[in-house]
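Trainee: Sequence and predicted model, in that order:
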Amino acid sequence: MKPQAYINRLKQAAKHNQYYILSSLRWLVLSSLTGLIVGAFSSAFSWCMTTATNLRLAHDWLLFLLPIGGLVIVFFYHIAHMENDKGTNQVLTAVRGVNNIPFRLAPLIFGSTVITHLFGGSAGREGAALQLGGSIGDKIGRVFRLDDGDRKVMVMCGMSAAFSALFGTPMAAAIFPLEVASVGIMQYSALLPCIFSSLIASQFAATMGIAPEAFVIHGIPAFTLVPALKIMLVAALCGVVSTGFCFVLSYTHKKYAQFFKNSYIRIVVAGVLIIALSLLLQTRDYNGAGIPVIERAMEGDVVWYAFLAKIIMTALTLGAGYRGGEIVPSFFIGATLGCLVGHLLGISPSLCAAVGMISLFCGATNCPLASMLIGFELFGFHGVYYILIAVAVSYAVSGYRGLYQQQEIVYSKYKATHHKA
């Protein structure tokens, strides 16, 4: 090679390296800013959610105001011209560049989720956090006049930051938005921004006194064939139930719309049904997110019908227009079902509750990598082999149905080919 050609090649390489470094620094700045802003909003959201839950637990009569709270939610969405809001599905389509996220979604989902939890709707919070973070991330991208591709990355940054701040699982939060929109492929260009926004939001929330979720598994058996087979059975059952949970959510939403065309009437009817079921079951265990029940399941203490009751109550709540998330309910259902099956199989109910949580989450979201990471962050690395087996089995048996209708299945779960719908 001639000296001049060699010098030209070095200059070209240096130019490329300069671009890579400047691009990385740019994303470090943007992701850090996103982590701070979304972390602040999510910390405020977490505080409001905790306050609302404590008020509901201290005053049982608030449950009877659930229909009124529903009317307020529908009214807010009506005046914001977002009656046809698709929730987290809208955020997923924005990640794929199909549509944009209106910034007014952020205050709407913030306030309506707090209202739902204050008055006893059965829902989670992380789904709301994904919408909150995604809308803020999209707005930051618009403020800095980023192009469409970079704004998609900002949406994912916001999702990671909100999930991380609210649930305290930064590893899973960093990967989940990359994995959930298009199953089978991941947009690695968003890896650096999502990791930094997730870590910064998590640390911000920690400094604000928001403790991460964590559970202790009791009685983990040695990793041998018989316990492994039992865990595979638990995971397979939870994977199948995850498809049932997703079906019931979708079916309930359609039936509400079919029988009650008016959204105000629909949400009042749902509120009355939730009140009636709560009184019939003589417990408030199925109102709100249900973290205390998950904690009891980890101790091996659940009633046999807990997972069924949560499926019904969550479907009645979210299908009618109350706002919240599906992720913590999926943890609830998996933990209670796993604990029950653990008792029946004669293996640690605590381990089975943990496996059930991760298996049902994986089956419902079609996100095996995020499921593994959230298992490690929630339970530590004790029983890690069982968690790995559970994720693999659940992902395989759960098919293609999931919580999010706009989730795109790119590659088949069963063959090295593109998925044909």
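Mentor: Here it is on my side, so go on. Residues are numbered from 1 along each chain as shown.
Trainee: only C-alpha atoms for contact and neighbour calcs from this point on.
Mentor: Fine.
Trainee: so what pLDDT did the closest residue to Ala320 other than its chain neighbours get?
Mentor: Closest residue to Ala320 in three dimensions, ignoring its sequence neighbours and counting by CA to CA, 6 or more residues apart in numbering: Ile267, at 5.2 Å. Note on Ile267: pLDDT of 96.
Trainee: contacting residues for Ile267?
Mentor: Pro67, Gly70, Leu71, Val74, Ala320, Gly321, Tyr322 (CA atoms under 8 Å, 6 or more residues apart in numbering).
Trainee: Any chance of these in a markdown table with distance to Gln407 and pLDDT as columns?
Mentor: Formatted as a markdown table, these follow (distance: CA to CA, whole Å; pLDDT from 0 to 100):
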| residue | distance to Gln407 | pLDDT |
| --- | --- | --- |
| Pro67 | 31 | 97 |
| Gly70 | 28 | 96 |
| Leu71 | 30 | 97 |
| Val74 | 26 | 95 |
| Ala320 | 21 | 93 |
| Gly321 | 20 | 90 |
| Tyr322 | 22 | 94 |
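Trainee: Can you convert the residues you listed into TSV and add a column each for neighbour count and secondary structure?
Mentor: Listed next are those as TSV, based on neighbours: other CA atoms under 10 Å; DSSP: H, G, I helix; E, B strand; the rest coil:
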residue	neighbour count	secondary structure
Pro67	26	helix
Gly70	30	helix
Leu71	19	helix
Val74	21	helix
Ala320	26	helix
Gly321	25	coil
Tyr322	29	coil
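Trainee: Would you tell me which one of those comes nearest to Met298?
Mentor: Tyr322 (28.5 Å; CA to CA).
Trainee: Going along the chain, name the strands of this protein.
Mentor: Secondary structure of the chain by DSSP state E: the strands cover 182-183, 408-409.
Trainee: burial count for Val293?
Mentor: Around Val293 there are 19 other residues, counting by other CA atoms under 10 Å.
Trainee: measure it to Arg284 for me?
Mentor: Distance from Val293 to Arg284, counting by CA to CA, to the nearest Å: 10 Å.
Trainee: again with Ile185
Mentor: Noted for Ile185: a distance of 41 Å to Arg284, by CA to CA.
Trainee: Number of residues surrounding Gly399?
Mentor: Neighbour tally, Gly399, other CA under 10 Å: 18.
Trainee: Could you check the pLDDT of it?
Mentor: In the predicted model, Gly399 carries a pLDDT score of 88.
Trainee: Specify which residues of the stretch 1-150 of the chain, grouped into ranges, have pLDDT under the cut-off.
Mentor: Along the stretch 1-150 of the chain, segments meeting pLDDT under 70 span 1-8, 10-11, 13-17, 87, 94, 96-99.
Trainee: Can you list the neighbours in contact with stretch 72-82?
Mentor: The contact list for stretch 72-82 (CA under 8 Å, 6+ apart) reads Glu83, Arg104, Leu108, Ser112, Ile115, Ser263, Tyr264, Ile267, Gly321, Tyr322.
Trainee: Next, the contact list for Thr395, please.
Mentor: One thing to correct before we go on: residue 395 is Tyr, not Thr. With CA under 8 Å, 6+ apart, Tyr395 has these contacts: Gly239, Ser359, Cys362, Gly363, Asn366, Cys367, Pro368.
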